[in-house]
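Asks: take this sequence and fold it.
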Amino acid sequence: MIWWGEYPLPDPSEEGIPTPDPSREGNIIPNPSKEMKPTPNPSREGNVMESPDSYGLPGVKVQPAGDRKGGVVWHTQGSGKSLSMVFYTGKIVLSLDNPTILVITDRNDLDDQLFDTFAASKQLLRQEPVQAEDREQLKDLLKVASGGVVFTTIQKFQPEEGNVYEQLSDRKNIIVIVDEAHRTQYGFKAKTIDEKDDKGNVIGKKIVYGFAKYMRDALPNATYLGFTGTPIENTDVNTPAVFGNYVDIYDILQAVDDGATVRIYYESRLAKIKLSEEGKKLIADLDEELEHDELTKTQKAKAKWTQLEALIGSEDRVKQVAQDIITHFELRNSPGGGGLDGKAMVVAMSRRIAADLYKEIIHIRPQWHSDDLKTGVIKVVMTSSSSDGPEISKHHTTKEQRRGLAERMKDIEDELKLVIVRDMWLTGFDAPCLHTLYIDKPMKGHNLMQAIARVNRVYKDKPGGLVVDYLGIASDLKKALSFYSDSGGKGDPAIAQEKAVQMMLEKLEVVSQMFHGFAYEDYFEADTSTKLSLILAAEEHILGIDNGRKRYIDEVTALSQAFSIAIPHEQAMDVKDELSFFQAVKSRLVKFDSTGSGRTDEEIETVIRQVIDKVVCFITSYTLFVPQHRIHII
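Replies: Residues are numbered from 1 along each chain as shown. Modelled structure (predicted):
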């Protein structure tokens with residue numbers, strides 16, 4: 001929930017900060033500082049774990065035995081989710097007959113971070129964890145007779161050809177632990193994509209499936225356990241339908257109450273853009289030109305993003321934001337002046353803006369710069385390619401270089417105090433001394449919640465983390481927090497899935513009726529070139545129906561949502577290929593929504609930036625450290 005009020009100052013009479021209540025053994029929480037003194041919460045004595053029932057959610061106890069769904073563990077970010085995985089693994093290797101534990105993430109940097117946590121706990125695991133470097137090594141590691149703690153990204157479960165992954169083991173003592181389960185586990189449904197030859201030419205269509213389906217091809221009898229730091233959304237997809245019900249819930253309020261995390265505060269320091277009358281006219285003319293150009297829907301969306309990126313990254317605005325970050329951070333990071341001794345992260349909208357912001361900051365504070373990654377007060381953490389140009393490419397970092405920067409950032413004694421990122425380090429990165437997050441990028445939902453959690457770690461006398469908003473994300477933050485607080489299950493999952501199956505079949509009938517008079521059944525037995533012709537003919541058929549395009553897209557979207565919940569019900573599996581055809585036709589309708597003007601994306605971006613650079617003048621509107629302008633986030 002959100003409480004509007006003042007930013008509380010630490011009580012000088014209190015030494016240290018609360019540590020987790022030792023009575024809550026069901027939630028494994030790290031103690032990052034030996035200087036902290038335990039202050040258990042007596043109101044929570046005797047509680048081992050928070051029952052999903054108290055949230056109105058069904059627990060795993062109501063699941064049928066043998067469904068191979070281990071459940072979902074929702075532990076808020078920063079409360080020790082990674083260590084919960086470690087201790088679970090340490091216990092399960094003793095409970096089962098020499099099991100194999102497979103730990104899945106969906107990004108290489110998260111795979112590295114989680115692997116490092118497990119590697120530091122090898123005595124507890126009674127074995128050395130192994131990180132699969134490629135698909136072949138992954139297959140070798142999983143074809144063993146027993147044992148092993150294996151790490152991999154889900155993308156390695158991609159068949160080299162066809163749409164069925166080879167079975168690697170039929171053993172039942174294999175446990176698959178999936179981190180951030182809501183992001184990666186919905187790849188059951190089929191979809192049709194272009195089939196290309198060696199030269200990249202489209203030669204037809206082919207059906208492919210998502211990684212989750214391929215993973216279950218490889219390990220059909222494994223048990224799947226999902227971990228997540230944010231609640232499961234009740235639209236689009238349904239993680240409990242795949243993993244089972246919630247095992248344990250440890251939300252923001254509990255974590256703060258137990259001292260497992262610190263409170264997060266929000267400060268609005270909006271950097272507004274003011275246009276002259278001439279500038280407003282030029283922007284209006286540009287909007288009108290883009291609106292009347294026969295651009296595809298994707299091009300229009302990209303054009304709007306480019307326009308926003310150009311406004312946010314205009315030269316005057318970057319200069320003012322850079323100056324404000326320096327002023328704000330130096331005041332906040334001055335222990336002698338009542339501030340905190342810690343570090344900060346800046347989130348930029350694009351690599352270009354990140355590079356420009358760095359350039360402007362070191363222009364104001366040249367002593368912060370260093371060409372050596374091992375020294376310097378400020379760094380940019382991102383990847384780039386040669387096509388990005390020299391100003392951006394010089395900030396490119398390798399995996400090992402980023403590992404070194406991460407160690408520097410976590411070390412309070414290191415001079416590195418400020419990093420600029422675009423996407424990296426916004427999930428999974430854990431630096432307890434990080435106390436401020438400057439956001440100058442549009443963000444919402446799970447991504448926003450995970451980003452702000454970078455500053456919620458317990459560290460020495462840190463009273464809380466601060467999120468500084470330069471762009472106006474307050475409404476998105478409220479929506480994200482409201483969703484976080486209000487999320488809950490939909491009742492008995494068996495009933496929920498049956499309802500999803502029923503809805504799926506109803507939507508399937510609606511979509512099928514839109515093809516009345518069109519024999520789309522021929523598609524499933526046709527060769528690849530004929531399939532492409534049938535998809536084109538189906539597109540024309542839908543366009544010939546009154547309001548057919550919109551109706552079809554809406555109904556196929558609803559069908560896909562119901563299917564994602566119904567899977568892996570046998571009735572859902574029976575219609576997967578039919579759904580794939582419907583989605584292929586939908587993709588055509590969405591992609592080719594206009595005739596196109598022949599104008600390239602690069603030309604559109606150039607026109608937008610030229611106009612923006614001519615008309616932008618900057619005005620900033622903020623108040624330094626005014627308590628009533630802060631939001632207290634629990």
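
Asks: is residue 403 within a helix or a strand, and which one?
Replies: Element membership for residue 403, per DSSP states H and E: helix 399-410.

Asks: how about that helix: buried residues?
Replies: By neighbour count on 16 or more other Cβ atoms under 10 Å, the buried set for helix 399-410 is 402, 405, 406, 408, 409, 410. The way it works is simple: take the backbone N, C-alpha and C, and place the C-beta from them, glycine included.

Asks: and which of these is nearest residue 99?
Replies: Set against residue 99, the nearest of the buried residues of helix 399-410 by Cβ to Cβ is residue 406 (31.3 Å).

Asks: neighbouring contacts of stretch 401-413?
Replies: Here stretch 401-413 makes contact (Cβ atoms under 8 Å, 6 or more residues apart in numbering) with 109, 112, 341-343, 373-374, 379, 381, 397, 414, 416, 419, 424-425, 429-434.

Asks: now with 7 Å?
Replies: 341, 343, 373, 379, 381, 397, 414, 416, 419, 429, 431, 433 (Cβ atoms under 7 Å, 6 or more residues apart in numbering).

Asks: quick one: mean pLDDT for the helix holding residue 403?
Replies: When pLDDT is averaged over helix 399-410, the result is 93.

Asks: ok, which pair from the buried residues of helix 399-410 is furthest apart?
Replies: Longest distance between any two of the buried residues of helix 399-410 is 12.6 Å, between 402 and 410; criterion Cβ to Cβ.

Asks: I'd like the next helix or strand past the helix holding residue 403.
Replies: Sequence order places strand 418-421 as the next helix or strand after helix 399-410, per DSSP H and E.

Asks: in the helix or strand that that following strand is followed by, what counts as buried?
Replies: For strand 418-421, the succeeding helix or strand toward the C-terminus, using DSSP H and E, is strand 434-440. Neighbour counts over strand 434-440 (16+ other Cβ under 10 Å) mark 434, 435, 436, 437, 438, 439, 440 as buried.

Asks: closest one of the residues you listed to residue 514?
Replies: Residue 514 has its nearest neighbour among these in residue 439, at 43.6 Å by Cβ to Cβ.

Asks: on that earlier part again, can I get the buried residues of strand 434-440 in JSON lines with distance to residue 138 and pLDDT?
Replies: Conversion of these to JSON lines gives the following (distance: Cβ to Cβ, whole Å; pLDDT from 0 to 100):
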{"residue": "434", "distance to residue 138": "33", "pLDDT": "94"}
{"residue": "435", "distance to residue 138": "39", "pLDDT": "90"}
{"residue": "436", "distance to residue 138": "39", "pLDDT": "90"}
{"residue": "437", "distance to residue 138": "35", "pLDDT": "93"}
{"residue": "438", "distance to residue 138": "39", "pLDDT": "95"}
{"residue": "439", "distance to residue 138": "37", "pLDDT": "93"}
{"residue": "440", "distance to residue 138": "39", "pLDDT": "92"}
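
Asks: out of those, the closest to residue 359 would be?
Replies: Distances from residue 359 to the buried residues of strand 434-440, taken by Cβ to Cβ, are shortest for residue 440, at 15.0 Å.

Asks: so the closest one makes contact with residue 348?
Replies: Yes. Using Cβ atoms under 7 Å, residue 440 is in contact with residue 348, at 5.8 Å.

Asks: only C-alpha atoms, please: export the stretch of helix or strand residue 93 belongs to in CSV.
Replies: Per DSSP H and E: residue 93 is located in helix 81-95. C-alpha atoms of helix 81-95 as CSV (Å, rounded to 0.1, in the frame of the first residue of the first chain):
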residue,chain,number,x,y,z
LYS,A,81,14.7,-15.8,-2.5
SER,A,82,18.0,-17.1,-3.9
LEU,A,83,19.0,-18.5,-0.5
SER,A,84,15.6,-20.1,-0.2
MET,A,85,16.4,-22.0,-3.4
VAL,A,86,19.8,-23.0,-2.0
PHE,A,87,18.4,-24.3,1.3
TYR,A,88,15.6,-26.1,-0.5
THR,A,89,18.1,-27.8,-2.7
GLY,A,90,20.3,-28.7,0.3
LYS,A,91,17.3,-30.4,1.9
ILE,A,92,15.9,-32.1,-1.2
VAL,A,93,19.2,-33.8,-2.0
LEU,A,94,18.9,-35.6,1.4
SER,A,95,15.3,-36.4,1.0
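
Asks: and that helix, what does it pack against?
Replies: Counting contacts by 3 or more Cβ pairs under 7 Å, 6 or more residues apart in numbering; DSSP states H and E, helix 81-95 packs against strand 69-75, helix 108-119, helix 122-125.
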